[in-house]
Every structure is written in structure tokens, then in C-alpha cells.
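S.K.: Have a look at this fold, sequence not included:
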């Protein structure tokens, strides 16, 4: 399922969308909060430029909304439908989920957004 060459691989791992060889982010850990969104200028393997234009990642805000909703629905299903918690505890679980997973949601959103525009190319690695 998570094979190199698929957009899902790049989205989940945060690797270069073109060659899948290295992380787009300067720090692999998304919970390094001061550096969550620090991104390399280019891929060192295939030289793909990550910021295609100024403010390129503003579009990721729209994706972030959808990803956040998915996390909130998952928290709702787990707390309300599986554990049968009351409405107040379900709401608290949703808020905690969104706060704890915010760095991951932000990175996933950026990864999804860039994969709309840059696609895997097996021959992209420059020797």
C-alpha cells in the first residue's frame, strides 16, 4: 500500500513528491513546534523546488480544513459510538485530538497540496 512511486507514499512520509528519496522538511519530527513547517528549498536528490511560487502553501489551508474534519470525525466515532461517551466528553475528545494532532494535520495538508502539482517521476534522480 505504501510503495514508493505512489502519491500516498509521499503524503504519509513527507518525502519529495518527485523522487521520493528525501524528506521535504528540515526536521523529521512534526512535534518540534517551532520548526514544524520549515521546508527545504529544494530536494538534494532531484533538485525539485518545493515552493513553486510565493505563498504556494496557502492552498494547503483548504486541505487542512478537510483533514481536520477527518480527524474530528474519527475522534467522534471513537468516543461517542465506540465508548458511548456523553456529548460533553465527546466534544472535549475532539478538541484534544485537534490540538494534539495539529502539527501532523498541517504537514499532511502541505504534503497533499504539493502532490496535486508535482508527481512522481522515476527518472527524476540526477546522478
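M.R.: It's in. Everything numeric in this text was worked out from a predicted model, so none of it was measured. Residues are numbered from 1 along each chain as shown.
S.K.: List the contacts of stretch 54-61.
M.R.: The contact list for stretch 54-61 (C-beta atoms under 8 Å, 6 or more residues apart in numbering) reads 37, 51, 106, 109, 110, 112, 113, 114. C-beta: built from backbone N, CA, C; applies to glycine.
S.K.: rerun that using 7 Å as the cut-off
M.R.: Here stretch 54-61 makes contact (C-beta atoms under 7 Å, 6 or more residues apart in numbering) with 109, 110, 113.
S.K.: do the same with stretch 105-119
M.R.: Stretch 105-119 is contacted by residues 7, 10-11, 14, 17-18, 30, 36-37, 48, 50, 52, 57, 59-60, 63-64, 67-68, 71 when judged by C-beta under 7 Å, 6+ apart.
S.K.: Identify each buried residue in that stretch, please.
M.R.: For stretch 105-119, the neighbour count (16 or more other C-beta atoms under 10 Å) marks 105, 106, 107, 108, 109, 110, 111, 112, 113, 114, 115, 118 as buried.
S.K.: of all these, which comes closest to residue 86?
M.R.: Closest approach to residue 86 among those (C-beta to C-beta): residue 105, at 25.8 Å.
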